[in-house]
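Chemist: what's the 3D shape of this:
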Amino acid sequence: MVEECRKLVYCFIHTTEEDYVFTFPDRPGFCPFSTFCNRIDPEIISGDQENHCSAVSHNRWLNQDAPSLVAGNYEAAIRIPATDLSGLEGRKLTEIYYFIREKPSSCTVKVYKKSDSNAPAEQIYSTATTSEVKAGSWNKHILSTPVEITNDDLWISVKVGHTANTRSIGCDPGPAVENGDWLFDDSDNEWRPLSDRAAISINWNIRGVVAP
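Modeler: Numbers count the residues shown, from 1 in each chain. Modelled structure (predicted):
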């Protein structure tokens, strides 16, 4: 879903309730930051709260849980197909939000473009965020080098390392929607939807913001 608030900031998110394109710049009830500003942590959003849309309660913005993943290395990702990026070419991905329930031993935010047989093809951004990650919270990462939107697929991922069973990457209550639950597992070196790997049907709480 691409939402837009009065500041004309797009937010990518996969949810069960709605899919990608949803733009109501003059309707405060659809601000992608409303729950952040008022129900999670006002400090996570840069700028004054009054510059965002009015407060509303959207349960889909609250974290439901986090799947337990055994010791290993993983990447949880959402994929935004090129067809859903039409009209945003030339604009820049500037911020990524993700929920961490239990802090992993390592954490890295990544962005890819293009797809190759249902896997990301080209890594275009990667930054370690382990030292700044907060458990039980939404985490905000400002890209040191904003990523320009092109007419290619876009993948936003959070790579985590676990030394034991850990519930790290947050999720919604599900059920899974297409492209909302991609998971790479180092143990098999494959990108597959989490719903294909286990009897778990959710969507990752990973979001990307595209500035004007």
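
Chemist: going forward, measure contacts between C-alpha atoms and count neighbours the same way
Modeler: Noted.

Chemist: Point out where this structure drops to low pLDDT.
Modeler: 1-62 (pLDDT under 70).

Chemist: if we go to 90?
Modeler: Scanning the chain for pLDDT under 90 picks out 1-65, 83-88, 91-92, 95, 97, 117, 138, 172-178, 202-203, 207-212.

Chemist: Using PDB, write out the CA atom coordinates for the longest strand along it.
Modeler: Counting by DSSP state E, the longest strand found in the chain is strand 137-148. Output in PDB follows, covering the C-alpha atoms of strand 137-148 (Å, rounded to 0.1, in the frame of the first residue of the first chain):
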ATOM      1  CA  SER A 137       9.600  -0.800  19.600                       C
ATOM      2  CA  TRP A 138       9.300   0.700  16.100                       C
ATOM      3  CA  ASN A 139      12.800   1.600  14.800                       C
ATOM      4  CA  LYS A 140      13.400   4.400  12.400                       C
ATOM      5  CA  HIS A 141      16.400   4.300  10.000                       C
ATOM      6  CA  ILE A 142      17.200   7.400   7.900                       C
ATOM      7  CA  LEU A 143      19.100   6.300   4.800                       C
ATOM      8  CA  SER A 144      22.600   7.800   4.600                       C
ATOM      9  CA  THR A 145      22.200   7.800   0.800                       C
ATOM     10  CA  PRO A 146      18.500   8.000  -0.300                       C
ATOM     11  CA  VAL A 147      17.500   5.500  -2.900                       C
ATOM     12  CA  GLU A 148      16.000   6.800  -6.100                       C
END
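
Chemist: Direction included, what does that strand pair against?
Modeler: Partner strands and pairing direction for strand 137-148 (DSSP bridges) are strand 92-100 (antiparallel).

Chemist: which helices and strands does the next helix-or-strand element following the partner strand pack with?
Modeler: Next along the chain after strand 92-100, taking DSSP states H and E as the criterion, comes strand 106-115. The contact analysis (3 or more CA pairs under 8 Å, 6 or more residues apart in numbering; DSSP states H and E) places strand 106-115 against strand 120-128, strand 154-162.

Chemist: Give me the contact list for the first one.
Modeler: Contacts of strand 120-128 with the rest of the structure, by CA atoms under 8 Å, 6 or more residues apart in numbering, involve 106-115, 145, 147, 155.

Chemist: Now do the strands in the chain.
Modeler: Counting by DSSP E, the strands of the chain are 2-4, 10-12, 72-80, 92-100, 106-115, 120-128, 137-148, 154-162, 182-185, 190-193, 206-211.

Chemist: Make a markdown table out of the ones you listed and add mean neighbour count.
Modeler: A markdown table is the format used below for the strands of the chain (neighbours: other CA atoms under 10 Å):
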| stretch | mean neighbour count |
| --- | --- |
| strand 2-4 | 24 |
| strand 10-12 | 26 |
| strand 72-80 | 23 |
| strand 92-100 | 22 |
| strand 106-115 | 21 |
| strand 120-128 | 15 |
| strand 137-148 | 16 |
| strand 154-162 | 24 |
| strand 182-185 | 21 |
| strand 190-193 | 18 |
| strand 206-211 | 22 |
